[in-house]
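J.: what would the 3D arrangement of this be:
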Amino acid sequence: MAAAPRSLDTISLCSTVSSCPDRNGFYGGFQRTDKPKEPLSKAQIIAREKKWLYMIDNWSIYMSKNYKKIRDRCRKGIPKSVRPKAWFYLSGAYLLKKKNPNVYNELLEKPGNSATIEEIKKDKHRQFPFHEMFLDEQKVGQIELFNVLKAYSIYNPKVGFCQAQAPIAAFLLMHLPAEDAFWVFVSVCDVYLQDYFIPGLEVIQNDAGILEGLLKKTCPPVYRHLQKHKVEPLLYMTDWFLCAMTRTLPWETLLRVWDCFLAEGIRVIFKVALVIIGASLSRHKVRKTCTGLCETLAVLRSPEEHIVEEEFLINNMARLNLRVEDFQIEHTRQKVRRAKQKAQQESESGGGHRRNMPTL
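T.: Numbers count the residues shown, from 1 in each chain. Okay, here's the model as predicted:
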């Protein structure tokens, strides 16, 4: 079984770290990868790198006239050597940086909100504690993580800082220079995960309803099981969506998912969630052992290793029988449902107020 992602903050470093990091910089934890990756031939790697470099050099043409080619190449996986630059372009961060020269450094010069700064300081050491960049406060990772989160809290004071943002920022810093990571982070928070981090979590509640509707379409038996035991989506999917899977998936799988996420948006996170839920509870034998809410949540929060393995997850995402229109339909349904709920609550509140008014 894969380690539950929320346990990362409490695992003892002394009992789990190796004396040397893996190829991705991890000394321990569930995202450490000891198994060697199946290599492509040198010729294949060079050919794919050349295709990506040519595409980046002609980015606006591809985005306007041949986006499908970009999407398909992202689904195949971006070559490691090109990934940082590809993410910088896919996210639109290169445009943000171009339009805002020197803004990042100017933000770092500002003091920021003192309460927010303290929150960031308390939280920065919790991110990827097994990675060589974030092992202690003197490491460049923690310093740059603080800077990126502080800069964003000043750049977008409406959001400020949310704890769920920290693993995303740390993840990006493992791939990009601090200023580039900041602009990708801005794009992710303000576009890809728009309004996710605003107090009240209204958007994540709406997306929970969308996920439930999509699950009903893709895996009815699992949907019925969750309904029967009153397993609300917010109980298991909040961390997946708010952190964009950075605290959930093994490293190689996470990289592939983010290749797709930055090309296609939040639909990719929905698909990952649907595969994890469906594969975890698809067998009748498993559902039979999950006799209640707690047992079901335990399965969903700690999916079996093969379910979150790179090829299994990516291939099963592609097999989901979902069109863009399906997401749009569910989004509209949830929007209407929540509007009705809000109107009903306001009506009941107003009615109650009128009933309690003294008669003249």
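
J.: what number of residues lie near the spatially closest residue to L176 that is not a sequence neighbour?
T.: Distances taken as CB to CB, 6 or more residues apart in numbering put P84 closest to L176, at 5.1 Å, once the chain neighbours are dropped. Glycine gets a C-beta too; all of them are placed from N, C-alpha and C. Here the count is done by other CB atoms under 10 Å, and P84 has 17 residues near it.

J.: could you do the one 4 residues further on as well?
T.: The burial count assigned to F88 is 25, neighbours taken as other CB under 10 Å.

J.: tell me how far the closest residue to P157 other than its chain neighbours lies from K288.
T.: The shortest distance from P157 to any non-neighbouring residue, by CB to CB, 6+ apart, is to N113 (7.4 Å). Distance, N113 to K288, using CB to CB, to the nearest Å: 51 Å.

J.: next, name the residue at the spatial heart of the protein.
T.: A244 (0.4 Å; CA atoms, centre = their mean).

J.: quick one, what contacts that one?
T.: For A244, the contact set (CB atoms under 8 Å, 6 or more residues apart in numbering) comprises I168, V188, Y192, L193, W258, F261, I269.

J.: does the fifth one sit in a helix or strand, and which one?
T.: What that stands for is W258. helix 251-264 (DSSP states H and E).

J.: check the last one too.
T.: Under the criterion of DSSP H and E, I269 resides in helix 267-281.

J.: for that helix, the averaged confidence score.
T.: The average pLDDT for helix 267-281 rounds to 98.

J.: between helix 251-264 and it, find me the angle.
T.: Counting by axes from the mean of the first three to the mean of the last three CA atoms, to 10 degrees, helix 267-281 lies at 140 degrees to helix 251-264.

J.: from the contact counts, what lies against helix 267-281?
T.: Judged by 3 or more CB pairs under 8 Å, 6 or more residues apart in numbering; DSSP states H and E, the packing partners of helix 267-281 are helix 202-218, helix 220-228, helix 234-242, helix 251-264, helix 293-301, helix 310-319, helix 324-355.

J.: could you list the low-pLDDT ranges of the protein?
T.: Flagging of the chain using pLDDT under 70 yields the residue ranges 1-17, 36-38, 350-360.

J.: try it again with 80
T.: By pLDDT under 80, the low-scoring segments of the chain are 1-19, 22, 25-26, 30, 34-40, 139, 348-360.

J.: what residues sit buried inside stretch 208-223?
T.: In terms of neighbour count (16 or more other CB atoms under 10 Å), stretch 208-223 has its buried residues at A208, G209, I210, L211, E212, G213, L214, L215, T218, C219, V222, Y223.

J.: list the residues that contact the closest residue to the first one other than its chain neighbours.
T.: This points to A208. Closest residue in space to A208, ignoring its immediate chain neighbours: P233 at 3.9 Å, by CB to CB, 6+ apart. Neighbour list for P233: A208, G209, L211, E212 [criterion: CB under 8 Å, 6+ apart].

J.: distance-wise, check P233 relative to W240.
T.: Noted for P233: a distance of 10 Å to W240, by CB to CB.

J.: count of residues packed around R247?
T.: Counted with other CB under 10 Å, R247 comes out at 25.

J.: and I204, by the same measure?
T.: 20.

J.: so it makes contact with D239?
T.: No. Checked against CB atoms under 8 Å, the pair I204 and D239 is beyond contact range at 10.3 Å.

J.: going by distance to V159, which of the contacts of A244 wins?
T.: Nearest to V159 out of the contacts of A244 is L193 (CB to CB; 10.1 Å).

J.: tally of neighbours for that closest one?
T.: 24.

J.: pull the contacting residues for S347.
T.: Counted by CB under 8 Å, 6+ apart, S347 has zero contacts.

J.: what of L274?
T.: Counting by CB under 8 Å, 6+ apart, L274 makes contact with L211, L214, L215, T218, C219, L320, L322.

J.: wait, Y223 sits on G213?
T.: No. Look at Y223 against G213 with CB under 8 Å: they stay out of range, at 9.1 Å.

J.: what's the helix or strand for A244?
T.: Judged by DSSP H and E, A244 forms part of no helix or strand.

J.: tell me the secondary structure at the closest residue in space to Y94 that isn't next to it in sequence.
T.: The spatial neighbour of Y94 that comes closest, neighbours along the chain excluded (CB to CB, 6+ apart), is F88 at 5.3 Å. With DSSP: H, G, I helix; E, B strand; the rest coil as the basis, F88 sits in helix.

J.: got a list of what F88 touches?
T.: Y94, L176, D180, W183, V184.

J.: for the residues you listed, which one is nearest H131?
T.: L176 (14.9 Å).

J.: so what's the closest one up against?
T.: P84, W87, F88, V184.

J.: quick check, it in a helix?
T.: No. Assigned with three-state DSSP, L176 falls outside any helix and is coil.

J.: hang on, the earlier thing: would you format the contacts of F88 as TSV with secondary structure and distance to S302 included?
T.: As requested, those are arranged in TSV below (DSSP: H, G, I helix; E, B strand; the rest coil; distance: CB to CB, whole Å):
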residue	secondary structure	distance to S302
Y94	helix	38
L176	coil	31
D180	helix	34
W183	helix	35
V184	helix	30
